[in-house]
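Engineer: Predicted coordinates and the sequence they were generated for:
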Amino acid sequence: MNIAIIGLGLIGGSVGLALKRDAANRITGFDHSSTTAEEAYRRGIIDSVALSLEDACYNTDVIIFATPVNTTVDMLEEIRSMKLKDGVIITDTGSTKVPIMDAASILIDQGLTFIGGHPMAGSHKSGVSAAKEHLFENAYYILTPDPRTDQKHVEQLRQLLRPTKGKVRIVEATEHDRMTAVVSHFPHLVASSLVGRLADQQEHQPFIKKLAAGGFRDLTRIASADPVMWRDITIQNRDELLKQLDGWFEEMSAVREMITANDPVRIYNYFAEAKKFRDELPLTSQGALYMTYDLHVDIPDHPGIISEITKILADERISITNIRIVETRTDVYGILVISFQSADDREHAKFALTSTTNFSMHIV
Ligand SMILES: NC(=O)c1ccc[n+]([C@@H]2O[C@H](COP(=O)([O-])OP(=O)(O)OC[C@H]3O[C@@H](n4cnc5c(N)ncnc54)[C@H](O)[C@@H]3O)[C@@H](O)[C@H]2O)c1
Ligand SMILES: O=C(O)C(=O)C[C@]1(C(=O)O)C=C[C@@H](O)C=C1
């Protein structure tokens, strides 16, 4: 298969790395940043660099757009006038689907095959340097084919995406945008707004920033994501976001009333119901939520401890995706939170550390 990937950032790069697992795939990449395209080539994500969108799409079997969603809409318009290969399958990875499917409708009218796509895994990190081959493993990979699209082409795309090891599911575009507003787009607005609240408060109390520990950091991690990507998503999923905001205002006014009433039973139930639902979310696979595989290690707070632990893991060739310390004070045990790419890596790490240290470890 000759494949063109347009936009070689986190998602385009990760799709490329996964598709390169199949030696029969030959990938051409286009990015408006030549540094990005060069890095993608150097990392072996793509086999050749295209110098324009037209150049990338010429005579290719599959075109994958992995650009910010407003850019994808513009490019779908641009390719209308291009000469594309007969039977080409065009898809995208965008976080919104209705405006993308609308933009693709004219291509479908012209007899071309466009199947919307959205791998439900990612990160707050962006750019080609954050791309990972395994990013979509066990994650849902949503496809939103148009009713006019031949089932045979949907099957072809499903086969092409097999090396991503994602779980392909067909969802209608409107449903997709409604659901992602709830589990992804609105939470992003909330995370950014919480950070905004902290930024306002710290003008009066500069020390407050230093108190932003695990809870605040966990809840607001996604606010560190690329603002262009989220600007476009917010614009494209405006109506669903406004509905979510209305629901949130209602919820917050009920919360306000509950706090004013100060009834311990109601307050307990509010938290208990949220905990029960949250604890039951599917966490054995990535589900709709991005899953990290964390290992909490109780460690004494003394110099060199982190390098000691990372050396043990490096000797075992176990990759770490993140590492952080929470609640460390002199003379008191601190907790090192190490994140891994998979449950297997975490188990391997736990075994290696158990064999070489006497630290307590927990999976929470
Ligand atoms: N980041 C996530 O968690 C995530 C997850 C799933 C889907 N998505 C979707 O995937 C798409 C890509 O997101 P990402 O996280 O990879 O972003 P990214 O910023 O890492 O990558 C986007 C790439 O597109 C390139 N680009 C932008 N405008 C361009 C143009 N006009 N011509 C050519 N290249 C251009 C950028 O240079 C960049 O390399 C977006 O539509 C996003 O909504 C993101
Ligand atoms: O893990 C993260 O940082 C993400 O924000 C990933 C996330 C999500 O909301 O779950 C973000 C946008 C995508 O469209 C899909 C996945």
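Structural biologist: Right, received. Where do you want to start? Numbering: from 1, shown residues only. Ligands and ions are numbered 1, 2, ... in the order given.

Engineer: which residues does Tyr293 form a beta bridge with?
Structural biologist: Beta-bridge pairing for Tyr293 (DSSP bridges): Phe340.

Engineer: Spatially nearest residue to Glu39, not counting backbone neighbours?
Structural biologist: Val128 (5.0 Å; C-beta to C-beta, 6 or more residues apart in numbering). No exception for glycine: its C-beta is placed from N, CA and C like everyone else's.

Engineer: What about that neighbour, how many residues nearby?
Structural biologist: 27 (other C-beta atoms under 10 Å).

Engineer: Tell me who's in contact with it.
Structural biologist: Leu8, Gly9, Leu10, Gly12, Gly13, Asp31, Thr36, Glu39, Ala40, Arg43, Ile45 (C-beta atoms under 8 Å, 6 or more residues apart in numbering).

Engineer: pLDDT score assigned to the first one?
Structural biologist: Leu8 is assigned a predicted lDDT (pLDDT) of 98.

Engineer: which residues touch it?
Structural biologist: Leu8 neighbours (C-beta under 8 Å, 6+ apart): 16, 29-31, 36-37, 39-40, 45-46, 66, 128, 131.

Engineer: Provide the strand pairings for the lowest-mean-pLDDT helix or strand in the chain, with the direction of each partner.
Structural biologist: Least confident helix or strand, the chain: strand 320-326 with a mean of 82, by mean pLDDT, DSSP states H and E. Here strand 320-326 has these sheet partners by DSSP bridges: strand 334-340 (antiparallel).

Engineer: Now do the buried residues in the strand it pairs with.
Structural biologist: Residues Gly334, Ile335, Leu336, Val337, Ile338, Phe340 are the ones in strand 334-340 that count as buried (16 or more other C-beta atoms under 10 Å).

Engineer: Which strands or helices does the helix or strand that it is followed by pack on?
Structural biologist: Where DSSP states H and E defines the elements, the next helix or strand beyond strand 334-340 is helix 343-356. Applying 3 or more C-beta pairs under 8 Å, 6 or more residues apart in numbering; DSSP states H and E, one finds that helix 343-356 makes contact with strand 293-299, helix 305-315, strand 334-340, strand 361-362.

Engineer: Please identify which of the ones you listed is closest to ligand 1.
Structural biologist: Closest to ligand 1 of these, according to C-beta to the nearest ligand atom: strand 334-340, at 15.9 Å.

Engineer: which residues sit against the closest one?
Structural biologist: So strand 334-340 is in contact with 292-301, 305-306, 309, 313, 318-328, 346, 349, going by C-beta under 8 Å, 6+ apart.

Engineer: Repeat that for stretch 169-176.
Structural biologist: Against stretch 169-176 from outside (C-beta under 8 Å, 6+ apart): 97-98, 100-101, 116, 118, 140-145, 154, 179.

Engineer: Return it as CSV; C-alpha atoms alone will do.
Structural biologist: Output in CSV follows, covering the C-alpha atoms of stretch 169-176 (Å, rounded to 0.1, in the frame of the first residue of the first chain):
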residue,chain,number,x,y,z
ARG,A,169,-15.8,0.5,16.1
ILE,A,170,-18.3,2.1,13.7
VAL,A,171,-20.1,5.1,15.2
GLU,A,172,-22.4,7.7,13.6
ALA,A,173,-20.7,11.1,13.4
THR,A,174,-23.3,13.0,15.4
GLU,A,175,-23.2,10.4,18.1
HIS,A,176,-19.4,10.5,18.1
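
Engineer: Is that stretch in proximity to ligand 1?
Structural biologist: No - if you take C-beta under 6 Å from any ligand atom as the test, stretch 169-176 misses ligand 1, and the best it gets is 11.9 Å.

Engineer: swap in stretch 40-58?
Structural biologist: No - Stretch 40-58 is not in contact with ligand 1 by C-beta under 6 Å from any ligand atom; minimum separation 6.9 Å.

Engineer: Using PDB, write out the CA atom coordinates for that stretch.
Structural biologist: Presented in PDB, the C-alpha positions along stretch 40-58 are these (Å, rounded to 0.1, in the frame of the first residue of the first chain):
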ATOM      1  CA  ALA A  40       9.700  11.900  10.800                       C
ATOM      2  CA  TYR A  41      11.900  10.700   8.000                       C
ATOM      3  CA  ARG A  42      14.900  10.400  10.300                       C
ATOM      4  CA  ARG A  43      12.900   8.300  12.800                       C
ATOM      5  CA  GLY A  44      11.800   6.000  10.000                       C
ATOM      6  CA  ILE A  45       8.100   7.000  10.400                       C
ATOM      7  CA  ILE A  46       7.900   7.900   6.700                       C
ATOM      8  CA  ASP A  47       9.800   6.600   3.600                       C
ATOM      9  CA  SER A  48       9.700   9.900   1.800                       C
ATOM     10  CA  VAL A  49       9.000  13.600   2.400                       C
ATOM     11  CA  ALA A  50       6.400  15.200   0.100                       C
ATOM     12  CA  LEU A  51       6.800  18.900  -0.600                       C
ATOM     13  CA  SER A  52       3.100  19.700  -1.000                       C
ATOM     14  CA  LEU A  53      -0.300  18.300  -0.300                       C
ATOM     15  CA  GLU A  54      -0.700  17.600  -4.000                       C
ATOM     16  CA  ASP A  55       2.700  15.900  -4.100                       C
ATOM     17  CA  ALA A  56       1.700  13.700  -1.100                       C
ATOM     18  CA  CYS A  57      -1.700  12.700  -2.500                       C
ATOM     19  CA  TYR A  58      -0.500  11.900  -6.000                       C
END
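
Engineer: How many neighbouring residues does Ser52 have?
Structural biologist: Ser52 has 10 nearby residues by other C-beta under 10 Å.

Engineer: any idea how far Asp92 is from the closest residue to it other than its chain neighbours?
Structural biologist: Counting by C-beta to C-beta, 6+ apart, Ser52 lies nearest to Phe30, which is 6.9 Å off, once chain neighbours are set aside. Phe30 is 14 Å from Asp92, where distance means C-beta to C-beta, to the nearest Å.
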